[in-house]
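K.L.:
I need the structure of the sequence given here:
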Amino acid sequence: MVVVLMGAGLGAGLVAGLFGIGGGFVVVPALLVVFGYFQFPPEILMKTAVATSLATIIVTGFRSVYAHYKRGAVDMQIIRDWAPWLVVGAVIGTVLTRILDGAALKIIFSVGVLLMGLHFIFPAKGNVRFKFKAEMPKGLPLAGIATFLGGFSALLGIGGGTPAVMVMTACGRKIHQAVATAAGFGVTIAIPGTISNMIVGQGVENLPPGNIGYVNMIAALSIVSMSVITAPYGAKLAHSLDGAKLKRIFGVYLVITSAYVFYKAMVPN
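P.N.:
Numbering: from 1, shown residues only. So this is what the prediction gives:
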């Protein structure tokens with residue numbers, strides 16, 4: 001389990017730095033496969049995968065955002081403005097994770113991943129790209145978007161980088177700055193999401209060895225031991241490549257992942 005998840009950590013760190021995401025789109029499917037192989041109880045399998053993924057994003061996302069920050073690409077003011085609402089959303093998303101069953105979480109994850117995959121495969125171009133004003137949302141629009149983003153990301157076990165990048169580029173921010181700043185969103189969401197999952201998972205029956213609440217520390221440490229190595233390389237690539245072909249390849253991976261998770265939701269055994 002440790003060896004396989006270390007391999008997943010290498011991939012998660014790379015895509016985290018490259019696309020400004022937390023790596024959850026790589027980590028959650030890997031955890032589902034590995035946890036399923038080691039016969040984690042089905043009623044907590046998806047919840048543990050999502051919670052553990054959020055725990056890895058704390059470290060992976062921090063490494064990614066720090067690498068971007070050293071290049072002067074992170075807009076710290078945006079992170080400060082969005083952080084309170086991202087935290088509120090993350091806590092709400094974690095509570096929903098406790099309420100929903102595993103199959104429902106898998107369906108939500110598969111739909112979310114499918115939408116993100118289609119975004120990577122068919123990115124908006126030129127005159128069909130929808131644009132807001134050349135400034136970020138403020139007031140109630142900011143609160144609504146950030147709270148939704150935090151909750152959506154906590155439910156999926158991701159850093160929320162892709163929708164964050166979409167919002168920032170629609171507001172006229174350059175793609176490199178959007179990717180860099182979105183990495184900071186992931187850390188902001190992952191910290192309260194992880195703590196909340198540790199709390200709401202207390203007292204749950206049949207938790208496997210190494211779990212604190214819903215977070216499996218053995219898996220989380222295995223992943224971050226490798227992701228911290230590759231995240232800076234991903235950030236470096238993000239500043240040297242246009243990434244169009246790579247984004248489409250990653251999009252295809254997401255669509256395949258979506259189909260796999262949806263299948264597991266419909267046919268769990």
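K.L.:
from here on, contacts and neighbour counts on C-alpha atoms
P.N.:
Fine.
K.L.:
Who are the contact partners of the residue nearest the centre of the chain?
P.N.:
Nearest to the geometric centre of the chain sits Ile158, at 1.7 Å (C-alpha atoms, centre = their mean). Residues in contact with Ile158 (C-alpha atoms under 8 Å, 6 or more residues apart in numbering) are 21-25, 50, 53-54, 57, 186.
K.L.:
Which pair of those spans the longest distance?
P.N.:
For the contacts of Ile158, the farthest-apart pair by C-alpha to C-alpha is Ile21 and Val50; their separation is 14.9 Å.
K.L.:
Any chance of a markdown table for the contacts of Ile158, columns neighbour count and pLDDT?
P.N.:
Below are the contacts of Ile158 laid out as a markdown table (neighbours: other C-alpha atoms under 10 Å; pLDDT from 0 to 100):
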| residue | neighbour count | pLDDT |
| --- | --- | --- |
| Ile21 | 34 | 64 |
| Gly22 | 41 | 62 |
| Gly23 | 34 | 71 |
| Gly24 | 30 | 77 |
| Phe25 | 27 | 77 |
| Val50 | 32 | 91 |
| Ser53 | 34 | 91 |
| Leu54 | 37 | 92 |
| Ile57 | 35 | 88 |
| Gly186 | 34 | 87 |
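K.L.:
Can you report phi and psi for the nearest residue to Gly157 once chain neighbours are set aside?
P.N.:
The shortest distance from Gly157 to any non-neighbouring residue, by C-alpha to C-alpha, 6 or more residues apart in numbering, is to Val50 (4.3 Å). Main-chain torsions, Val50, degrees, to the nearest 10: phi -60, psi -50.
K.L.:
roughly how far apart are Val50 and Lys106?
P.N.:
10 Å (C-alpha to C-alpha, to the nearest Å).
K.L.:
if I read this right, Phe35 contacts Leu45, doesn't it?
P.N.:
Yes - between Phe35 and Leu45 there is a contact at 6.7 Å, judged by C-alpha atoms under 8 Å.
K.L.:
ok now do the closest residue in space to Leu221 that isn't next to it in sequence, which residues does it touch?
P.N.:
Using C-alpha to C-alpha, 6+ apart and skipping residues adjacent in sequence, the residue nearest Leu221 is Thr56, 7.5 Å away. In this structure, Thr56 makes contact with 220-221, 223-224, judged by C-alpha under 8 Å, 6+ apart.
K.L.:
Tell me where the stretch 101-250 of the chain has helices.
P.N.:
102-121, 139-156, 161-170, 175-200, 217-238, 244-266 (DSSP state H, counting those that start in this stretch).
K.L.:
any idea which of the ones you listed is most buried?
P.N.:
Comparing those on average neighbours per residue, with mean count of other C-alpha atoms under 10 Å, the densest one is helix 175-200 at a mean of 26.
K.L.:
thinking again about what came up before, just the closest of the contacts of Thr56 to Val252, please.
P.N.:
Ile223 (23.0 Å).
K.L.:
hang on, the closest one packs against Gly9?
P.N.:
Yes - with contact defined as C-alpha under 8 Å, Ile223 and Gly9 form a contacting pair (4.1 Å).
K.L.:
which regions of this protein lie under the pLDDT threshold?
P.N.:
19-22, 123-134, 238-239, 241-246, 268-269 (pLDDT under 70).
K.L.:
Now with 50, please.
P.N.:
126-130 (pLDDT under 50).
K.L.:
Tell me if I'm right that the residue nearest to Gly157 and Leu156 touch.
P.N.:
Yes - the pair Val50 / Leu156 is scored as a contact, 6.1 Å apart, by C-alpha under 8 Å.
K.L.:
circling back: mind giving me JSON lines with the contacts of Thr56 and columns for distance to Ala178?
P.N.:
Converted to JSON lines, those look like this (distance: C-alpha to C-alpha, whole Å):
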{"residue": "Ala220", "distance to Ala178": "27"}
{"residue": "Leu221", "distance to Ala178": "28"}
{"residue": "Ile223", "distance to Ala178": "25"}
{"residue": "Val224", "distance to Ala178": "24"}
